[in-house]
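Asks: here's my sequence, what's the structure:
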Amino acid sequence: MESDYDELDRQLVHALQIDGRAPFSTIAEVLGVSDRTIARRYARLRSTGAVRVLGGIDPTALGAVLWFLRVRCAPAASLTVAEALAKRPDTSWVSLSAGGTEITCVVRTESDADSESLLLAKLPRTPRVEGVTAHSVLHAFYGGPNNLVGKLGSLDEEAIERLRPPALPHRRGPVRLDDGDRKLLALLATDGRAGFEQLAAATGWSPTTVRRRMTELRGHGLLYLDIDVDWRMFGVHARTLLWLSVAPAHLEEAGQALAGHPEIAFAAATTGPTNLYASVVCANQRELYRYLTTRVAALPAVTHLETAPVIRTVKMAATSRDQLPPSGNRAGPLGLRTT
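Replies: Numbering: from 1, shown residues only. As a prediction, the model looks like this:
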């Protein structure tokens with residue numbers, strides 16, 4: 001419940017969203033409390049699953065393609081198919097919506113051949129799947145390292161600037177990963193605040209090498225720090241998916257406007273029957289109605305809008321290990337067994 005958390009909890013989570021590896025001493029100084037208080041609060045929140053700092057991966061930095069899939073099933077089969085999808089290492093955000101007759105999920109494919117196999121062979125032939133609509137992600141307006149906590153948090157601009165880490169230089173060129181990188185990313189996927197000594201022990205590198213490699217991977221846009229939080233802390237309960245059609249000349253404008261809305265957790269331009277997707281979080285249905293009839297209604301050149309309330313989330317974001325192709329070969333295309 002929201003009442004289980006207080007303002008210091010929310011400020012601490014906001015601070016970790018700004019810099020997931022900020023020392024407790026720095027956070028304590030900004031929030032005006034003792035180091036011990038911050039360490040104790042974080043330990044309590046982490047032990048109860050209310051907050052986790054973890055290393056996220058942008059698989060597109062490795063050449064992968066992300067797809068939003070809308071899989072239509074008979075109501076009696078949807079949960080079984082959703083659970084089969086959730087077991088795949090190349091899926092994330094597997095949810096039931098549309099009264100339980102539709103599954104939505106994000107799928108990562110490593111090549112054009114994988115995409116073709118997924119869309120033309122594997123899913124359409126899966127028992128009890130009645131239809132599939134696929135949307136390839138062309139451009140993300142909000143999401144990834146831009147976590148919703150940054151919009152909902154209560155820290156003022158001065159505190160945010162004191163916590164914000166120095167900007168990293170952007171690195172061009174392809175990213176090549178070795179076994180040490182994979183071990184590093186796997187550990188960060190479970191604990192984004194793991195110490196350099198712990199990371200060094202896992203990789204066989206020195207702490208100095210770990211620090212340098214993390215900086216390089218973040219500069220390439222592959223690694224970022226994310227935060228997993230109990231959204232009830234911020235009074236958020238309902239998640240709804242929006243599928244919009246926008247005139248191409250106004251797609252960039254509409255996407256940027258969506259990205260600035262405090263209700264938006266993710267927004268992207270896509271291919272497919274609609275060309276703009278968003279994930280919306282609101283306190284309740286009344287607030288969702290207010291959002292749709294004000295902010296969304298003001299978007300330019302929207303010709304079609306479809307809403308799909310999420311009734312159950314079967315799988316959230318994939319771990320860093322899940323998002324990497326196996327060493328030495330590619331991840332295989334999606335295949336399901338539901339019988």
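Asks: remind me which residues of the stretch 51-200 of the chain are low pLDDT?
Replies: 111-127 (pLDDT under 70).
Asks: which residue packs closest to W231, ignoring adjacent ones?
Replies: The shortest distance from W231 to any non-neighbouring residue, by CB to CB, 6 or more residues apart in numbering, is to V281 (6.7 Å). In this view, the C-beta of every residue, glycine as well, is placed from N, C-alpha and C.
Asks: pLDDT score for that neighbour?
Replies: Note on V281: pLDDT of 93.
Asks: do G335 as well
Replies: G335 is assigned 47 on the pLDDT scale.
Asks: go on, A247?
Replies: A247 carries a pLDDT value of 97.
Asks: and it, what is it in contact with?
Replies: P300, A301, T303 (CB atoms under 8 Å, 6 or more residues apart in numbering).
Asks: and the closest residue to H139 other than its chain neighbours, what is it in contact with?
Replies: Spatial nearest neighbour of H139, chain neighbours left out: A269 (4.5 Å); criterion: CB to CB, 6+ apart. When contacts are counted by CB under 8 Å, 6+ apart, A269 touches V137, L138, H139, F141, L251, E252, G255, N275, L276.
Asks: okay but the residue nearest to W231 is in contact with A238, surely?
Replies: Yes - taking contacts as CB atoms under 8 Å, V281 lies within contact range of A238: 6.9 Å.
Asks: and of the contacts of A269, the nearest to R232?
Replies: Checking the contacts of A269 against R232 by CB to CB gives F141 as the nearest, at 26.1 Å.
Asks: just to be sure, that closest one is in a strand?
Replies: Yes - using DSSP: H, G, I helix; E, B strand; the rest coil, the assignment for F141 is a strand.
Asks: the residue nearest to H139 should be in a strand, yeah?
Replies: Yes - under three-state DSSP, A269 falls within a strand.
Asks: just the pLDDT for it.
Replies: 98.
Asks: which residues does it form beta bridges with?
Replies: Beta-bridge partners recorded for A269 (DSSP bridges): H139, L276.
Asks: list the buried residues for stretch 302-309?
Replies: Neighbour-count burial for stretch 302-309, counted by 16 or more other CB atoms under 10 Å, picks out V302, L305, A308, P309.
Asks: same list (those residues) but as a markdown table, adding secondary structure.
Replies: Output for these, formatted as a markdown table (three-state DSSP):
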| residue | secondary structure |
| --- | --- |
| V302 | strand |
| L305 | strand |
| A308 | strand |
| P309 | strand |
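Asks: and of these, the nearest to L155?
Replies: When these are compared against L155 (criterion: CB to CB), the nearest one is P309, at 30.6 Å.
Asks: and the closest residue in space to that closest one that isn't next to it in sequence, how close does it get to T80?
Replies: Distances taken as CB to CB, 6+ apart place T240 nearest to P309, at 4.9 Å, with adjacent residues excluded. From T240 across to T80, the span is 24 Å (CB to CB, to the nearest Å).
Asks: so the two - more neighbours on which side?
Replies: When neighbours are counted by other CB atoms under 10 Å, T240 and T80 differ, and T240 comes out ahead with 19 against 15.
Asks: in three-state terms, label that one for me.
Replies: strand.
Asks: tell me who's in contact with it.
Replies: Counting by CB under 8 Å, 6+ apart, T240 touches S279, V280, V281, C282, L288, T307, A308, P309, V310.
Asks: just checking, the second one touches W243?
Replies: No - with contact taken as CB under 8 Å, V280 and W243 are classed as non-touching, separated by 11.4 Å.
Asks: more neighbours: the two, which one.
Replies: V280 (25 against 22).
Asks: can you tell me the element that one falls in?
Replies: Using DSSP states H and E, V280 sits in strand 276-282.
Asks: just the helices in the stretch 1-150 of the chain please.
Replies: Secondary structure of the stretch 1-150 of the chain (DSSP state H, counting those that start in this stretch): helices at 7-18, 24-31, 35-47, 75-86, 112-117, 149-152.
Asks: now do the stretch 151-300 of the chain
Replies: Going by DSSP H, counting those that start in this stretch, the stretch 151-300 of the chain shows helices at 157-163, 179-190, 196-203, 207-219, 251-260, 285-291.
Asks: could you dump those helices into JSON lines and include mean neighbour count?
Replies: JSON lines is the format used below for the helices of the stretch 151-300 of the chain (neighbours: other CB atoms under 10 Å):
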{"stretch": "helix 157-163", "mean neighbour count": "14"}
{"stretch": "helix 179-190", "mean neighbour count": "19"}
{"stretch": "helix 196-203", "mean neighbour count": "16"}
{"stretch": "helix 207-219", "mean neighbour count": "17"}
{"stretch": "helix 251-260", "mean neighbour count": "18"}
{"stretch": "helix 285-291", "mean neighbour count": "15"}
